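Asker: give me coordinates for this.
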Amino acid sequence: MKPFDPVPYAVPFFMALIVLEMFWARRRRPEAYEPRDTLSSLAMGLGSTTVGALTGGMMFALATWLYQHRIATLGTEWWVWAACFVIDDFGYYWAHRAGHRIRWMWASHVNHHSSQHYNLSTALRQSWTGVLALSFIFRLPIVLLGFTPAMLFTCGGVNLIYQFWIHTEAVKRLPAPVEWLFNTPSHHRVHHATNPRYLDRNYAGVFMLWDRLFGSFEPEVDDEPIHYGIVKQLGTFDLIWTSFHEWVGIARDVWSAPWGRKLGYVWRAPGWSHDGSRDTSDTIRTRWLERQG
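Answerer: The predicted model follows:
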């Protein structure tokens, strides 16, 4: 089976929906869009697409090699497609969670969170260094179960397309069964928040079930306005700094750290420091919970 990437076919719809949301925001929430921020998001998306085109063949070749060592051959029936989609989403959950909990992976993912605005253009603010971050190790091995590489890549593309529409403030909440099972704009707004209540919550791609099962779910509450971005805001729209600032930070910390503590700045959580002088999301959230009683 040849690989099929559905994402390029969705791009015209992405752009049309962004324009429609801009009209909505102009009347209902003008602060949702900032021209320089939107241009940065679009440029990040273009760069990510370019990098993906250059590295996609390598990733597919690796998946094809792994497939030669599969434990089963599952075929292409509808239920196999459905199973692949669910299992890939499970892999996405852990890749995404690792992207927030391991600094090396966060260095790639952080630019997606770097906007202080939340709108559909934010969905396109994607990494240029995803391959370097190694997050593919959570998803490519799925082919060992017997799902073809082409099937896996197509399901991954559909997963990515799904996540576009949840980057909006135009949709408040959906009916309760939908909110319980699926990732929605309400749940994903929480994920992009810097409020201590919301830090490092709601990692789901499509199915919110994973967060509910593994203790990372947090609902949006009406009495706490959401603040978007990262704990230490960038304060710039420079594309190069947006893309690579955390890699630079890792290099600086590893260089200056004592021997024996250097790797901690690579594999420990973002914000970790050997002397406790910085805060991780866990310490910020813990202090907030303590204040709540």
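Asker: could you list the buried residues of stretch 278-291?
Answerer: Residues 279, 280, 281, 283, 284, 285 are the ones in stretch 278-291 that count as buried (16 or more other Cβ atoms under 10 Å). The C-beta positions use only the backbone N, C-alpha and C, and glycine is treated the same way.
Asker: restricting to C-alpha, output stretch 128-148 in CSV.
Answerer: C-alpha atoms of stretch 128-148 as CSV (Å, rounded to 0.1, in the frame of the first residue of the first chain):
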residue,chain,number,x,y,z
TRP,A,128,10.8,22.4,12.7
THR,A,129,12.7,19.9,14.9
GLY,A,130,10.3,17.1,15.5
VAL,A,131,12.6,14.4,14.1
LEU,A,132,15.4,15.6,16.4
ALA,A,133,13.2,15.3,19.4
LEU,A,134,12.6,11.6,18.7
SER,A,135,8.9,11.6,19.5
PHE,A,136,8.4,9.2,16.6
ILE,A,137,9.5,6.4,18.9
PHE,A,138,6.1,6.3,20.4
ARG,A,139,4.2,5.8,17.2
LEU,A,140,6.4,4.1,14.5
PRO,A,141,6.7,0.8,16.4
ILE,A,142,2.9,0.4,16.0
VAL,A,143,3.7,-1.2,12.7
LEU,A,144,5.3,-4.1,14.6
LEU,A,145,1.7,-5.2,15.5
GLY,A,146,1.0,-5.7,11.8
PHE,A,147,-0.5,-2.3,10.7
THR,A,148,1.1,-1.2,7.4
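Asker: which one among the buried residues of stretch 278-291 gets closest to residue 269?
Answerer: Ranked by distance to residue 269 (Cβ to Cβ), the buried residues of stretch 278-291 are led by residue 280 at 4.5 Å.
Asker: quick one: that closest one and residue 286 touch, right?
Answerer: No: Residue 280 is not in contact with residue 286 according to Cβ atoms under 8 Å; the separation is 9.4 Å.
Asker: can you give me the helices in the stretch 101-250 of the chain?
Answerer: 103-113, 130-133, 149-164, 176-181, 185-191, 209-213, 239-256 (DSSP state H, counting those that start in this stretch).
Asker: other residues contacting stretch 261-278?
Answerer: 100-104, 106, 110, 231, 246, 250, 253-254, 257-258, 279-283 (Cβ atoms under 8 Å, 6 or more residues apart in numbering).
Asker: of those, keep whichever come out buried.
Answerer: 100-104, 106, 110, 246, 250, 253, 257, 279-281, 283.
Asker: list the contacts for the residue nearest the centre of the chain?
Answerer: In the chain, the residue lying closest to the centroid (Cα atoms, centre = their mean) is residue 96, at 5.6 Å. Applying Cβ under 8 Å, 6+ apart to residue 96 gives the contacts 109, 203, 204, 205.
Asker: name the secondary structure element that contains it.
Answerer: Per DSSP states H and E: residue 96 is located in helix 78-101.
Asker: check residue 3 too.
Answerer: Going by DSSP H and E, residue 3 is not in any helix or strand.
Asker: from residue 97, how far off is it?
Answerer: Using Cβ to Cβ, to the nearest Å, residue 3 is found at 26 Å from residue 97.
Asker: got the angle for the least confident helix or strand in the chain by mean pLDDT vs helix 78-101?
Answerer: Between all helices and strands in the chain, the lowest mean by mean pLDDT, DSSP states H and E belongs to helix 281-291, at a mean of 92. Angle of helix 281-291 versus helix 78-101, following axes from the mean of the first three to the mean of the last three Cα atoms, to 10 degrees, is 80 degrees.
Asker: and for helix 281-291, what are the contacting residues?
Answerer: In contact with helix 281-291 (Cβ under 8 Å, 6+ apart) are residues 100, 196, 197, 199, 200, 231, 269, 270, 271.
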